[in-house]
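Novice: return atomic coordinates for the entry below.
(one chain, ligands or ions: 3)
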Amino acid sequence: MFVRVALDHPLPTLFDYRCEADAAPHPGTLVSVPFGKRRVVGLVCEVTVHSDVPEDRLRAVDSVCTACPPLSAQWLELAAFAADYYQRGLGEVALPALPQALRDASRWARLLAPEERYRLLPAGRSALPDALPPRATALRRLADELAGAEFLSAADARALHPKAVATLDAWQANGWVALEVIEAGGVLARSGPAPMETPGDPHESTSPSADAPNGHAQACATLPTLTDEQSTAVDAIHAAQGFAPFLLHGVTGSGKTEVYLRALAALLEADSTAQALVLVPEINLTPQFEAAFRARFAALDDYAIVTLHSGLAEGERARNWLAAHTGRARIVLGTRLAVLASLPRLAIICVDEEHDPAYKQQEGLRYSARDLAIWRAKQLGIPVVLGSATPSLESWWQADQGRYKRLTLARRAVADAVLPSVKLIDLEDERRRGRASVEGISGPLLTALKARLERGEQSLVFLNRRGYAPQLACDACGWVAGCPRCSAYVVLHKPERALRCHHCGWESRIPRACPECGNVDIAPLGRGTQRVEETLAKLVPGARVLRIDADSTRRKGSAQALFSDVHAGEVDILVGTQMVAKGHDFRRVSLVGVLNADTALFSHDFRASERLFAQLMQVSGRAGRAGLPGEVLVQTRYPRHALYHALARHDYIGFANATLAERRDAHLPPFVYQAMLRAEGRTLEAALAFLQQAAAALHEIPAAERVTVYDAVPLTIVKVMHVHRAQLLIESASRAALQTTLRAWPPMLRGLKGVLRWSIEVDPLDI
Ligand code: ADP
Ligand code: ZN
Ligand code: ZN
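Specialist: Ligands and ions are numbered 1, 2, ... in the order given. Okay, the predicted model is just below:
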């Protein structure tokens, strides 16, 4: 017997191996096989009695993974679809979709071993910080890890420090941490205070379960009464038969989460094995969602609700993935990678903030998790709910055509919470009247910030640029600090005392003088979140200013800690990037200030205005969520721009319709379908020459007659890490013609030489 195995390898073929006839693994089984001099894990796709590979070159399967039941035919079909659609090998799609522990045969045995994990108890949370000697850095790291995550597995603790487990056992004896042992299959045996398990149906969310040791399963005494709009939406989802895509267009704060919760509850109750998949765009939103879901479905045990995202420790990710795969997990909550989870009983998918660019993977397999969610729902004949206050124009257009059913929540859910008033601050006009901004903060914004501080309300200042200043420049000779490896300026990071390249990570110390002319007056140009944080601390005395961006949240668990400070009211002014704009239910924020949004108005990327509008609607939506009247102040030089007018009127529909009309006239997506070929070379000439040959090769593909080919062009940041990058856009009004062309292209591209790498992206978001 032979098996045909998919390996994580760029060649889009399956590899044949010999196996014992009486022990031939089923398709979907993981196997360890020899490959060259290595052993690798592959996925059995077919079992056959015949192989075209000559007998002497055929090697045998090494071992078969028994810890993981075979992946289903449906899952293999999903991987095959994604591979075909995104122009990748099946193995390049299927294997990276699995948790690392499954792709390492030496760890298979331990997958079924009982796992020990430690959970920080409230007593430990308050006692630990004072109990640790000041210089005990290893202990502090251990305590930080515990505090930042729901639990820490013994294996992950050992990886931190060899004596970590002994320390944890001592802390357990003090009553600071609880030890839990999870048997194979996820049965929990606790040695800490046990939570009250309340058997009963998952719909019954009135059950008290408040003393779960991690404190997140707070009992939710009564379900909120749905608004009429929410009821209509929930009823429509309940009534759905078969494949049913919904576009849930709900303004910020309209209670979309409640709609997902009800839709899930009904399905999970009707079928005690059904599974649900809920996608969120941003890792930092998972705790908020997880808390809401655990509270609502308190009767389900720990493993019935699992999260899947890249922030999980490997062991945990493998366990959660297996819980989904074996059907033990009923609700899987995750970021885009969760769309590829194995869910044998999947009955509904919800995609929150479906417009978010984070759903698009930007390296390797460049898939859109939203689009794959739709495909999965269609494959299984189930409902899929795409929720957003600012749907992507692609989805809006699908709804216009009646392919998706539109559900509308036009009002905020909390009684007397209304949408904030949006005012534009004309920076030119302010200047003409002799009221120039101080350090980028206009007079009206400063006044509003001070008023909020006096009233004890919170403000959020949004600026989509991290670091202190985007440039460090010399006035005397015009020198600007650049990255030696990229064609980009480096960003000044003041607290870290460094210049940093945001493209390749290169870092250096801040020079004292201009390296070109020796001038000591080199100065930061422009503004990032660090500088705004510094400015606001000066301009608004007494305000507690907190910055949340990718730099301030680099350490594991720190984003969570910072967000809880905001929720606890320990912050007066929150400064942040798009990280703070998305989804968070800040209940005390009554003012949002927007700085420097104008740059995106004149981008060469036709999607820039769609993204800006969505971002500004999102961040505006953080204001006035719980009854406090909200106000949004946008500083701009272009107060008459149509985008800002639509924003001020909260008019997504007007903006969407106008933008779609423009796209139609200009033959842009969603009215055409696009793909991008990118090439990376040692020189720009090499990359461009490759793309020109690639374009010429299209003449040999008949379907390409219906495909428009644009000129090869350098990327905006042409050089990154000494590698030069260029791209070639192709598009067609016919999806079929584009896909047929794309299928025929890669074999030709493999024959071309002269570049380091090339890749195809289907439905690119960044042009
Ligand atoms: P969205 O995701 O649409 O921005 P959320 O789901 O975060 O909105 O809900 C906003 C707030 O409204 C939350 O605090 C939520 O608890 C509350 N909420 C949702 N539905 C209702 C309801 N029917 N009655 C009262 N409050 C509600
Ligand atoms: Zn100089
Ligand atoms: Zn660089």
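Novice: what residues does the chain put near ligand 3?
Specialist: 483, 485, 486, 501, 503, 504, 506 (C-beta under 5 Å from the ion). (Each C-beta comes from the backbone N, C-alpha and C, glycine too.)
Novice: please pick the buried ones from the residues you listed.
Specialist: 483, 485, 486, 501, 503, 504, 506 (16 or more other C-beta atoms under 10 Å).
Novice: go back to the residues you listed and keep what's next to ligand 2.
Specialist: Okay, of these, nothing touches ligand 2 (C-beta under 5 Å from the ion).
Novice: ok, so of the residues you listed, who is nearest residue 369?
Specialist: Closest to residue 369 out of these is residue 503 (24.4 Å), distances taken as C-beta to C-beta.
Novice: for the helix ranked longest in the chain, packing partners?
Specialist: Secondary structure assigned by DSSP state H gives helix 735-751 as the longest helix of the chain. In terms of contacts (3 or more C-beta pairs under 8 Å, 6 or more residues apart in numbering; DSSP states H and E), helix 735-751 is packed against strand 673-681, helix 684-697, strand 723-732, strand 757-762.
Novice: want to throw those into TSV with distance to residue 305, mean pLDDT and mean neighbour count?
Specialist: TSV is the format used below for those (distance: least, C-beta to C-beta, whole Å; pLDDT from 0 to 100; neighbours: other C-beta atoms under 10 Å):
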stretch	distance to residue 305	mean pLDDT	mean neighbour count
strand 673-681	37	97	21
helix 684-697	47	98	19
strand 723-732	42	98	21
strand 757-762	33	96	18
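Novice: columns distance to ligand 2 on top of the ones you listed, output as a markdown table?
Specialist: Shown next, in a markdown table, are the helices and strands packed on helix 735-751 (distance: least, C-beta to the ion, whole Å):
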| stretch | distance to ligand 2 |
| --- | --- |
| strand 673-681 | 33 |
| helix 684-697 | 28 |
| strand 723-732 | 28 |
| strand 757-762 | 37 |
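Novice: could I get those as TSV with distance to ligand 1?
Specialist: Output for the helices and strands packed on helix 735-751, formatted as TSV (distance: least, C-beta to the nearest ligand atom, whole Å):
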stretch	distance to ligand 1
strand 673-681	31
helix 684-697	42
strand 723-732	34
strand 757-762	30
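Novice: and of those, who's closest to residue 91?
Specialist: strand 757-762 (16.2 Å).
Novice: which strands or helices does that closest one pack on?
Specialist: strand 673-681, helix 735-751.
Novice: would you mind writing the CA trace of it as PDB?
Specialist: The C-alpha atoms that make up strand 757-762 are tabulated as PDB, following Å, rounded to 0.1, in the frame of the first residue of the first chain:
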ATOM      1  CA  ARG A 757      11.600  35.100  -4.200                       C
ATOM      2  CA  TRP A 758       8.300  35.700  -5.800                       C
ATOM      3  CA  SER A 759       4.800  35.200  -4.500                       C
ATOM      4  CA  ILE A 760       1.200  35.700  -5.700                       C
ATOM      5  CA  GLU A 761      -1.400  37.400  -3.700                       C
ATOM      6  CA  VAL A 762      -5.000  36.900  -4.600                       C
END
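Novice: return the distance of that strand from the chain's centre.
Specialist: 21 Å (C-alpha atoms, centre = their mean, to the nearest Å).
Novice: and after the helix or strand bottoming out on mean pLDDT in the chain, which helix or strand comes next?
Specialist: When the helices and strands of the chain are scored by mean pLDDT, DSSP states H and E, strand 187-190 comes last with a mean of 46. Per DSSP states H and E, the first helix or strand lying C-terminal to strand 187-190 is helix 228-239.
Novice: give me the angle between the next helix or strand after that next one and helix 228-239.
Specialist: Moving toward the C-terminus from helix 228-239, the next helix or strand (DSSP H and E) is strand 244-250. Angle between the axes of strand 244-250 and helix 228-239 is 170 degrees (criterion: axes from the mean of the first three to the mean of the last three C-alpha atoms, to 10 degrees).
Novice: hang on, residue 87 packs against residue 744?
Specialist: No - using C-beta atoms under 8 Å, residue 87 makes no contact with residue 744, being 10.6 Å away.
Novice: neighbour count: the two, which is higher?
Specialist: residue 87 (22 against 16; other C-beta atoms under 10 Å).
Novice: which ones are touching the more buried one?
Specialist: 742, 743, 745, 746, 760, 762 (C-beta atoms under 8 Å, 6 or more residues apart in numbering).
Novice: which single residue in the stretch 251-400 of the chain comes nearest to ligand 3?
Specialist: residue 363 (16.5 Å; C-beta to the ion).
Novice: shouldn't that residue be within a helix?
Specialist: No - assessed with DSSP: H, G, I helix; E, B strand; the rest coil, residue 363 is coil; it does not lie in a helix.
Novice: fine by me, we can end here.
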